[in-house]
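# need a 3D model of the following:
(2 chains)
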Amino acid sequence: MSGEVLYQTDLPIRSEITETHAAAAVHWASPGTWWSSLERIAIVTEVRKAWDADPLPPWTPPSTVEGLVPDDHVLPAAVIDVIWRLTNHVTTLTKNWYESYVPDQLSPQHYVELVGVIAQVTLTDRFADALRLKRLALPEPREGSPTQVVPDDAEVTTHWVPTAPIVDGSWNPATPSDVPNVRKALSLVASERMMQWVLIDAHYVQGGALADDFGQDHWSLTRSQIELLGARTSTVNDCFY
Amino acid sequence: MDVVKVLGNHDGGVEHGALLARLCDAVAGKDAEVMTRVREEVRTSMGPSQLVDAVGVSAMFHMMNRVANGTGTPLDPFMRETASLIAPSIGASGFLSMEDTPLEQ
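Numbers count the residues shown, from 1 in each chain, chains lettered A, B, ... in the order given. A predicted model of the protein is given here:
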C-alpha cells in the first residue's frame, strides 16, 4: 500500500512507516491469539474513544460512568476499563492495578494481547493526529478463530506478565538470548511482540544497531535528536524504563 | 539533561533540542492549536522529513511506554549502573513506574 493511499498528505512519509502502519491495520482486523477480529477492532475503536473523550480521573473506570459504555458492548467492562487507563493514564500503572484485573478478570494472555494492540494504535494515532492526517481506517474483520498458541517455557520471571525466552541475534550476535526487556515484554503473545518489533524498526533504530552507533544519523535525524525525542516522550509518560 | 526534564530555550547540546522537546509535549497533549503551532515550527526550522521522522520517533515511544509501564518491564542489566546517575537529572526518580520496576532481579 503506498503512502499516498494510506495517508493523504504532501508530507514525505517514508515507505517503512506507511508499510508498517498498513500492516498494523490488517493485524488489528485479523483474528488474534486470544481475541477475535471483531473484539480486536472493538479494542481499536475503544482506544480512540478513550483518547477523544472528556478526561476522567484515573481512579474512575469508564464502566462506572452512567451512559458511557453501552450495555451491549462487545468487550467486557473490565477490558474497557483497562483500555481507558492504559490509553489516558499511562503514568499511573502499578503492579497492584495490574493484579486487580489479572488473572481474576483477564487471563495474562488476553491482557498481553490487549496491551499490544492498545500500544500499537496509540503509535499510529499519535502519528496521524500530530501530522493532521486522517487516522488509519480499519479493514473489514477477517475470518478465523484465535490461535490460542502459548509459547514454550512462558513464566513470570522479570516482568509482571509471563514472558517467554527469545533468541534474536540481531540485537547482539554474541548473546542472542539477551534481548532487551521491553522487546521481551509481549513475548507471551508472539504475534503482538512481532508487530511491536516491526514498528520499532520502522520508526526508531533497528534492533541490531541500537547500542553501537550513537554518532550516526538515522533517517533524517541525528542519533542525539532521536534519543532526546525518546527521553522527553518517556518523561512525559513517566516511563522509567 | 534540562532539555529532557523541563521545557525551555536550551537545546541541551542537541540541534533544535528545545523545539523537539516541545514537539514531544504537543504530540502527547490534546491541544490542536499547540500542535499546529509546533508542527509548523518544526517543518520550517528543520524540514518536512525531519518533522515526519521526529513525530514518528515520539509516537513510537508512546507505544513503548505503554508496553513497558503496562507489563512492569524492569530495566535491563546494562542500564542499571547508569540509571541511578541519570534518573535524578531527568526527573525520573519520582516516576511511579520506578517503584514497580525493580532495579535488582
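
# what is the least confident helix or strand in chain A?
Considering only helices and strands, the least confidently modelled element of chain A by mean pLDDT, DSSP states H and E is helix A:3-6, at a mean of 63.

# where's the residue of chain A found nearest chain B, which helix or strand?
At 3.2 Å from chain B, A:Trp160 is the closest residue in chain A, using C-beta to the nearest C-beta. (C-beta placed from N, C-alpha, C; glycine too.) If you go by DSSP states H and E, A:Trp160 is not part of any helix or strand.

# identify the residues contacting it.
Under the criterion of C-beta atoms under 8 Å, 6 or more residues apart in numbering or on different chains, the contact partners of A:Trp160 comprise A:95, A:98-99, B:71-72, B:100.

# of the residues you listed, which is the most crowded?
Neighbour counts for the contacts of A:Trp160 were taken using other C-beta atoms under 10 Å in any protein chain shown; the highest belongs to B:Thr71, with 30 neighbours.

# chain A versus that residue, what's the distance?
When distance is defined by C-beta to the nearest C-beta, to the nearest Å, B:Thr71 is 4 Å away from chain A.

# hmm, the top helix by length along chain A in reach of chain B?
Among the segments of chain A that qualify as a helix by DSSP state H, the longest is helix A:108-130. Yes - Helix A:108-130 is in contact with chain B by C-beta under 8 Å from any C-beta of the partner chain, via A:112, A:115-116, A:118-120, A:122-124, A:126-127, A:129-130.

# what's the answer for stretch A:57-65, then?
No - contact of stretch A:57-65 with chain B is not found when judged by C-beta under 8 Å from any C-beta; the minimum separation is 10.6 Å.

# so the closest residue to A:Leu106 other than its chain neighbours: helix, strand or coil?
Nearest non-adjacent residue to A:Leu106, counting by C-beta to C-beta, 6 or more residues apart in numbering or on different chains: A:Ala78, 6.2 Å away. Assigned by DSSP: H, G, I helix; E, B strand; the rest coil, the conformation of A:Ala78 is helix.

# thought A:Ala78 was touching A:Gln105?
Yes - using C-beta atoms under 8 Å, A:Ala78 makes contact with A:Gln105 at a distance of 4.0 Å.

# where does chain B get nearest to chain A, residue-wise?
For chain B, C-beta to the nearest C-beta, closest residue to chain A: B:Gly72, 3.2 Å.

# ok, now which ones touch residue 55?
By default, I'm working from chain A. The neighbours of A:Pro55, taking C-beta under 8 Å, 6+ apart as the test, are A:Asn88.

# my question was about chain B
B:Val55 sits next to A:126-127, A:130-131, B:23, B:27, B:39 when contact means C-beta under 8 Å, 6+ apart.

# quickly list the domain ranges of the chain.
No chain in the question, so chain A it is. As assigned by automatic domain parsing, chain A contains the domains A:3-151+A:189-210, A:211-241.

# looking at chain B here, not the other one
For chain B, automatic domain parsing gives the domain ranges B:2-71, B:75-105.

# single out the most deeply packed of those.
For the domains of chain B, average neighbour numbers computed from mean count of other C-beta atoms under 10 Å in any protein chain shown are highest in domain B:2-71, which has a mean of 20.

# tell me how many other residues crowd A:Trp51.
A count of nearby residues for A:Trp51, using other C-beta under 10 Å, gives 17.

# for the one 5 residues further on, same thing?
The tally of other residues near A:Leu56 (other C-beta under 10 Å) stands at 17.

# do a quick rundown of the helices in chain A.
Under DSSP H, chain A gives helices at A:3-6, A:15-28, A:37-52, A:77-88, A:95-99, A:108-130, A:181-184, A:190-203, A:223-236.

# sorry, back to before: for the nearest residue to the residue of chain A closest to chain B once chain neighbours are set aside, give me the pLDDT.
Leaving aside its chain neighbours, A:Trp160 sits nearest to B:Gly72 (3.2 Å; criterion: C-beta to C-beta, 6+ apart). The predicted local confidence for B:Gly72 comes out at a pLDDT of 94.
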